[in-house]
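# sequence plus predicted model, see below.
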Amino acid sequence: MMTQSPGLPTNRRLYGIIRKRAGGGRILGLTTQERPDMTGADGALIWRGEIMAGADLDVDLLAEPSSVTLGAVSLTQKAAVALVAGVRRLTIATPAVWQVRPGQALVMAPTAFVAGYAIHDVVVTKADEISVALTCPALALGASFTIPAKLIRFT
């Protein structure tokens, strides 16, 4: 059951018009106009609710892109001794130009399927250095693997 707030009419149509923002990103334009301008719109929403008449508002949506691919990384290990199957962590230096810093949200995405391996998480251990958790099969002495991947940062 909807109750009316003092001074606000209920059951009013509210339109949300999504458009590209100059310089990138999107804007959600909110309006109570009966026939809003849809010129150049990427999409529209309509719902009913309480809002003051003439209370048009532009809301910035997340700027694009919300993530950026930093570059290609090779997850490589060569067994100096025989290694049992299980979870391992690899430490990898990243190029300074990527500006990898502690506290950033990163993900590692494999670019090829390598049977028996799985990438779990990426943690920045210090500036320009990450630690990646992998599940790996057993490796005999001298055996190695390489998983091509991309490092992605969420903005």
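Done, it's in.
# just the strands in the chain please.
Ranges of strands within the chain are 12-20, 26-31, 41-49, 57-60, 67-78, 86-93, 106-110, 118-126, 129-136, 144-154, based on DSSP state E.
# can you add mean neighbour count, distance to residue 100 and mean pLDDT and give the ones you listed back as a markdown table?
The C-beta positions use only the backbone N, C-alpha and C, and glycine is treated the same way. Output for the strands of the chain, formatted as a markdown table (neighbours: other C-beta atoms under 10 Å; distance: least, C-beta to C-beta, whole Å; pLDDT from 0 to 100):
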| stretch | mean neighbour count | distance to residue 100 | mean pLDDT |
| --- | --- | --- | --- |
| strand 12-20 | 16 | 31 | 80 |
| strand 26-31 | 17 | 28 | 81 |
| strand 41-49 | 11 | 33 | 77 |
| strand 57-60 | 11 | 27 | 73 |
| strand 67-78 | 14 | 7 | 92 |
| strand 86-93 | 13 | 9 | 94 |
| strand 106-110 | 16 | 7 | 92 |
| strand 118-126 | 15 | 6 | 93 |
| strand 129-136 | 18 | 6 | 95 |
| strand 144-154 | 16 | 8 | 93 |
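# using JSON lines, please lay out these together with distance to residue 99.
Output for these, formatted as JSON lines (distance: least, C-beta to C-beta, whole Å):
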{"stretch": "strand 12-20", "distance to residue 99": "28"}
{"stretch": "strand 26-31", "distance to residue 99": "26"}
{"stretch": "strand 41-49", "distance to residue 99": "31"}
{"stretch": "strand 57-60", "distance to residue 99": "24"}
{"stretch": "strand 67-78", "distance to residue 99": "9"}
{"stretch": "strand 86-93", "distance to residue 99": "13"}
{"stretch": "strand 106-110", "distance to residue 99": "12"}
{"stretch": "strand 118-126", "distance to residue 99": "11"}
{"stretch": "strand 129-136", "distance to residue 99": "12"}
{"stretch": "strand 144-154", "distance to residue 99": "9"}
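# contacts only, for residue 81.
By C-beta atoms under 8 Å, 6 or more residues apart in numbering, residue 81 lies in contact with residue 141.
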